[in-house]
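Asker: Okay, here's the prediction I keep looking at, along with the sequence it came from:
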Amino acid sequence: MLLALPTAVTPPWTTMLGFSLLPAVVMIAGAALAVWRAPGPQLRSAILHFAAGVIFSVVAVELLPDIVQRHAPYEVGLGFGLGVAVMMGLRYLTQRLEQRDAATPETTTASPATAALPWGLLVAIGIDILIDGLLLGIGFSAGAKEGTLLAIALTIELLSLGLATAVELRQGGHGKGRAVAIVAGLSLLLLAGAGIGTTVLRGASGNLLEIVLSFGLAALLFLVTEELLTEAHEETETPLLTLAFFVGFLLFLLLGMVA
């Protein structure tokens, strides 16, 4: 039985649209930066560490207390279990697609305009961005403050994703303009996911919202532990890279306290 807690105030559409555009625009900017001057592996690892700390802080400071306060263990168990199952299923699907791409012979004579697209990679990234958009919609359904902090956290994550995607496309023989255009197209999935999330969840009942928040909690934890930190640890770990994670966590911990 849920306690009769005040429902979160859902911000207007204009606010949600503005904060949804921020990560999408930054992702495109990251791609443009990558084709102009690709960042070194250490800098990218530091960005990934920082993004992981930021998202983990948003989970711990904003989402988790709201979920615990509602005292709905059955809904939490259902939503969290669904979140883990969906993320594991998506991981399996994207790994199969990437393996298929890796098994496809590469043509070294293709021009930048005719180079084959790495569909496995693009589908995996597209699913990731769509899930990020849904999580952003979930965050705004929990409240304006939660959504705002999550939007900033996802902005940092998508900056790194835009950089990595553009570099991968350039290495596959695609031109600079085409690489940026592909990333721009992928970024639209964030807006679609956020729109779906806020539309479906607008006016949702307490039980449904608790299930969705728990789903988002599991998805964000999966994002931090199985994607951001896994990629960040591909580089040799240094104290400064580790520090970036805790700086990101502390920054948003303090921001959540004073905001």
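Answerer: All right, it came through fine.

Asker: Correct me if wrong: Gly256 contacts Leu63.
Answerer: No: Gly256 is beyond contact range of Leu63, at 10.7 Å (criterion: CB atoms under 8 Å). Placement of C-beta: from N, CA and C, glycine included.

Asker: Have a look at the two and say which one is more surrounded.
Answerer: When neighbours are counted by other CB atoms under 10 Å, Gly256 and Leu63 differ, and Leu63 comes out ahead with 23 against 17.

Asker: measure that one to Pro118 for me?
Answerer: Using CB to CB, to the nearest Å, one obtains 33 Å as the distance from Leu63 to Pro118.

Asker: Where does the residue nearest the centre of the chain fall, secondary structure wise?
Answerer: When the chain is reduced to its mean C-alpha position, the nearest residue by CA atoms, centre = their mean turns out to be Asp132, at 4.1 Å. Element membership for Asp132 (DSSP states H and E) is helix 119-142.

Asker: in that helix, what counts as buried?
Answerer: When neighbours are counted by 16 or more other CB atoms under 10 Å, the buried residues of helix 119-142 are found to be 120-122, 124-142.

Asker: ok, now stretch 219-239?
Answerer: If you call a residue buried by 16+ other CB under 10 Å, then stretch 219-239 has these buried ones: Ala219, Leu220, Leu221, Phe222, Leu223, Val224, Glu227, Leu228, Leu229, Glu231, Ala232, Glu235.

Asker: so how far is Asp66 from the residue nearest to Asn207 when sequence neighbours are not counted?
Answerer: In space, Asn207 comes closest to Glu75 once its chain neighbours are excluded; the distance is 5.5 Å by CB to CB, 6 or more residues apart in numbering. Using CB to CB, we find Glu75 at a distance of 13 Å from Asp66.

Asker: ok so, going back, inside helices: which ones of the buried residues of stretch 219-239?
Answerer: Cross-referencing the buried residues of stretch 219-239 against helices under DSSP state H gives Ala219, Leu220, Leu221, Phe222, Leu229, Glu231, Ala232.

Asker: Reformat those as a markdown table; add pLDDT and distance to Ala34.
Answerer: Output for these, formatted as a markdown table (pLDDT from 0 to 100; distance: CB to CB, whole Å):
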| residue | pLDDT | distance to Ala34 |
| --- | --- | --- |
| Ala219 | 86 | 26 |
| Leu220 | 85 | 25 |
| Leu221 | 89 | 28 |
| Phe222 | 88 | 25 |
| Leu229 | 87 | 21 |
| Glu231 | 82 | 15 |
| Ala232 | 85 | 17 |
